[in-house]
Structures are given as structure tokens and as C-alpha cells.
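Undergrad: for reference, the sequence and a predicted model appear below.
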Amino acid sequence: MYTMQRILAVDDNEDILEILRLILEDYGYEVETLNDGHFLFEKIKQHRPDLILLDIMLGNMDGRELCKDVKSKLETNDIPVILVSASHNLADRFSSGGAPDDFLAKPFDINDLLSKVQHNLSAA
């Protein structure tokens, strides 16, 4: 039996979460959203996502730090993380490990989003 792949989208902007949900559900993904990074690990435990879309600017939290936390925990380090940000040139900030699997720039192109999601899900 085929099970839908689960994506967790984390962004403090409800409009962006809704857009991501609409696009990804339209392409057959099951989408959970979270607008606060404080509950990230509870949500991961509840839903076991196959991929996480994680905004860098999460109010008073830094998505890069959350990404490092996900990648450093044995129970979550195999989940692909795509960092989403309006600021570019982010790769150089991950020399100490805990790097995401991919980056997506805002505003994002739908085809670019889908391509990165599909690529990272198939690589996982």
C-alpha cells in the first residue's frame, strides 16, 4: 500500500505556511505546519515527517540552530531539512556541521520548491 510522504513546514508567517500546504498537498504530499520553532521536536515525534521545510527567521528563533539540533539527534538526523530564507549566501555559515540538505530562497519558485522536495525525498 502506498503511503503519502509527509512534509513538515515550519515558518512564522501563516500565509507562507498556507501557500506551502496548498502547493504540496496539490502534488500529493501530506503536509503538517508549525508556526513556532519551540515545538519542533514534539511535532516531529507526533508526525515523523519524511522532510522538513524550515524557515531561518522564526521570530525569536534561528532556523539554522534548529537545523543543527535536528541533524545532531540520532532519532532525527536522517530527516532531510531544506532551509528557506530570503537572505542568500547561507552555505558558508555551516562550516561547523549540522548543515541542511538544501536551501530554498524566498520568494520561491513553485517548480524550484517541488524539484528540491522531490530530490531530497528520493535521496533520503
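TA: That came through, no problem.

Undergrad: alpha carbons only for contacts and neighbour counts from here, please
TA: Fine.

Undergrad: a helix runs through D112, doesn't it?
TA: Yes. Assessed by DSSP: H, G, I helix; E, B strand; the rest coil, D112 belongs to a helix.

Undergrad: which ones are touching it?
TA: If you count contacts by CA atoms under 8 Å, 6 or more residues apart in numbering, D112 has them with L104.

Undergrad: can you name the residues bridging to the most centrally placed residue in the chain?
TA: For the chain, L53 is the residue whose C-alpha lies nearest the centre (CA atoms, centre = their mean; 1.4 Å). Assessed by DSSP bridges, L53 has beta-bridge partners A9, I82.

Undergrad: that one contacts I79, correct?
TA: No. With the criterion set as CA atoms under 8 Å, L53 and I79 do not qualify as a contacting pair; they are 10.6 Å apart.

Undergrad: flag the shaky bits of the chain, pLDDT-wise.
TA: Segments of the chain classed as low confidence (criterion: pLDDT under 70) are 1-3, 88-97, 124.

Undergrad: let's go with 80 and repeat that
TA: Counting by pLDDT under 80, the chain contains low-confidence residues at 1-3, 87-98, 124.

Undergrad: quick one: the strands in it?
TA: With DSSP state E as the criterion, the chain has strands at 6-10, 30-34, 51-55, 57-58, 61-62, 81-85, 102-105.

Undergrad: tell me which residues are up against the third one.
TA: Translated: strand 51-55. So strand 51-55 is contacted by 6-12, 63, 67, 79-85, 117, 120-121 (CA under 8 Å, 6+ apart).

Undergrad: what of stretch 18-33?
TA: Where contact means CA under 8 Å, 6+ apart, the residues beyond stretch 18-33 that reach it are M4, Q5, R6, I7, L8, A9, V10, D11, L17, H47, I110, L114.

Undergrad: farthest pair in those residues?
TA: The largest distance within the contacts of stretch 18-33, taken as CA to CA, falls between H47 and I110 and amounts to 24.3 Å.

Undergrad: picking up where we left off before, the residue nearest to the centre of the chain and D102: what is the separation?
TA: The gap separating L53 from D102 is 10 Å, by CA to CA, to the nearest Å.
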